[in-house]
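Q: Following is a predicted model, sequence given first.
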Amino acid sequence: MTIRDRERRLGTKRRSRVAYLALLRRASHIGVRSFVFRSCCVVIVATLSLASAQNLIAVLLTLPAALSCYLLLANEHHLRGGTRPRLWLSAAYLRDFGKTDGLQRLSLGSYVEIPAGFILVAIPSWVTTGAPLSTRLIMLATATLFVVSTSLSIFVDHAWFNPDETSPPLWTEIARLLAGPITALSVMVISLPAEWGSSGWPAALAISLFPLIVSYVIWDTDITVKYLVPMVREEAHAGRELVINETHGALSTNLRLLEQQARLHRDEAPALYELAVSANSRLRETLTLAQMDLDSSTAVANLAAPVFTLARATGARAEVDVSIKSLEGADRDLARLVLNDMVGNALNAGATTVGVRIEGGTDGSVTISVTDDARPMAPGVWKTPGTSSARLEARLQDRSGSLRVSSLGEGKTVVARWFISPEPVEASNDDRGESLTR
């Protein structure tokens, strides 16, 4: 496995638009909370530092952390208000945030927050050594919480779920997997070599190990998002299915009656009949959207929907094989008309099994064949003037096509063929042939 393959394996499994948007919305609210939490940590460390003889140095060392808190708050303020900061550092922070937001890159704020957090850890470890042990341990715990907050803001950011980041650097993915141990080890390297005494060292060790919780929070976030995505899809599908069923229930009867009435006048108004057939077929095709993972009813495989609907109405069994890649515009409307006529005639003749095949030729032709087990047609009946087959043949001939039949024992096969319209059409949503059997 190459490095690029490992990157894709580590980085793309959790990436989805739903997860990204959910955590992006979370990020818009967590900024102010992070500011409040980190500011409290800075204030506690600075206040407790006053108990040491080196209080001035200790307070001055808290300024980088205080600066990072200010930049965080100012950035949130300008983002929500849509304003521009006057201070050049705040402007640089906001500008860099716009460039890195949603991308797997450290922002300017992280470069300030990370060293500021480690400086806070160093204050009780190496600067305020004259303060009481309990005070130093409280300061160490508070500084460690600042570091944990910074680490979580980096490794639970919505950028890790951005589907547009298709090839994240491998080292960043490894760092995220080991974020807890890396954060804890960094705190331990700074704090444990200091003088804590025999009674304080175990407490300092326990505090230094607390950042291991970062890995747990990352794991918990990934698990939550893992179940969030399918849940949102299922709920969206349930809502879509309800709308489709309600729409179909409200329109199907009227459209079917409209098609029956139009059939009585198809000699005088053939265009009206074809419009009625197309409208009824399109409504049936929308029922396929009730299937999970199907986003468009215009997929060529959905031409099978009217066939299944007609067969189900008579209790017949239908098999549909769609091998053509795309079929749009006037050709799709003609295919609906062909299927409605040929399948309808087979079922009216008493067919119990209907097999439909829709395929395209390399010469730009479209072929639809319908095989059924109904009795063969009586000689001299098919394609006689005034019949639906005669009108269908005339339509096919307008497209350099043909309509023919061949008997197969007790059944027959009717084949309609025509050439695709040269008018420009949009690409089909379906890029492959599909076979459906019901």
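A: The structure has been received and is ready for your questions.

Q: Which residue comes closest to the residue located most distally from the centre of the chain once chain neighbours are left out?
A: Centroid-distance maximum for the chain: Ala53 at 57.6 Å, with Cα atoms, centre = their mean. Spatial nearest neighbour of Ala53, excluding adjacent residues (Cβ to Cβ, 6 or more residues apart in numbering): Gly130 at 4.8 Å. (C-beta placed from N, C-alpha, C; glycine too.)

Q: The one you found and Leu50, how far apart?
A: The spacing between Gly130 and Leu50, counted by Cβ to Cβ, to the nearest Å, is 12 Å.

Q: The stretch 51-200 of the chain: helices as residue ranges?
A: For the stretch 51-200 of the chain, helices defined by DSSP state H, counting those that start in this stretch occupy the ranges 55-61, 63-81, 88-100, 108-122, 133-155, 170-177, 179-191, 197-209.

Q: Same list (those helices) but as JSON lines, adding mean pLDDT and mean neighbour count.
A: Below are these laid out as JSON lines (pLDDT from 0 to 100; neighbours: other Cβ atoms under 10 Å):
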{"stretch": "helix 55-61", "mean pLDDT": "94", "mean neighbour count": "17"}
{"stretch": "helix 63-81", "mean pLDDT": "93", "mean neighbour count": "18"}
{"stretch": "helix 88-100", "mean pLDDT": "91", "mean neighbour count": "15"}
{"stretch": "helix 108-122", "mean pLDDT": "94", "mean neighbour count": "21"}
{"stretch": "helix 133-155", "mean pLDDT": "96", "mean neighbour count": "22"}
{"stretch": "helix 170-177", "mean pLDDT": "88", "mean neighbour count": "16"}
{"stretch": "helix 179-191", "mean pLDDT": "97", "mean neighbour count": "20"}
{"stretch": "helix 197-209", "mean pLDDT": "95", "mean neighbour count": "15"}
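
Q: between the longest helix along the chain and helix 179-191, how many degrees?
A: The longest helix of the chain (DSSP state H) is helix 213-264. Counting by axes from the mean of the first three to the mean of the last three Cα atoms, to 10 degrees, helix 213-264 lies at 160 degrees to helix 179-191.

Q: From the contact counts, what lies against helix 213-264?
A: helix 17-49, helix 133-155, helix 179-191, helix 270-286 (3 or more Cβ pairs under 8 Å, 6 or more residues apart in numbering; DSSP states H and E).

Q: Tabulate those helices (TSV), appending distance to Val414.
A: Formatted as TSV, the helices and strands packed on helix 213-264 follow (distance: least, Cβ to Cβ, whole Å):
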stretch	distance to Val414
helix 17-49	46
helix 133-155	64
helix 179-191	66
helix 270-286	17
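
Q: Relative to Gly401, which of the ones you listed is closest?
A: Of all those, helix 270-286 sits nearest to Gly401, with 15.7 Å by Cβ to Cβ.

Q: Report the mean per-residue pLDDT for that closest one.
A: Taken as a whole, helix 270-286 has a mean pLDDT of 77.

Q: do the same with stretch 36-48
A: Mean predicted confidence for stretch 36-48 is 96.

Q: CA-only coordinates of it in CSV, if you can.
A: The C-alpha trace of stretch 36-48 is given here as CSV (Å, rounded to 0.1, in the frame of the first residue of the first chain):
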residue,chain,number,x,y,z
VAL,A,36,-14.4,32.2,28.2
PHE,A,37,-12.9,28.9,29.3
ARG,A,38,-9.3,29.8,28.3
SER,A,39,-9.6,33.3,29.8
CYS,A,40,-10.6,31.7,33.1
CYS,A,41,-7.5,29.5,32.9
VAL,A,42,-5.3,32.5,32.3
VAL,A,43,-6.9,34.5,35.1
ILE,A,44,-6.5,31.6,37.6
VAL,A,45,-2.8,31.1,36.7
ALA,A,46,-2.1,34.8,36.9
THR,A,47,-3.9,35.2,40.2
LEU,A,48,-2.2,32.3,41.9
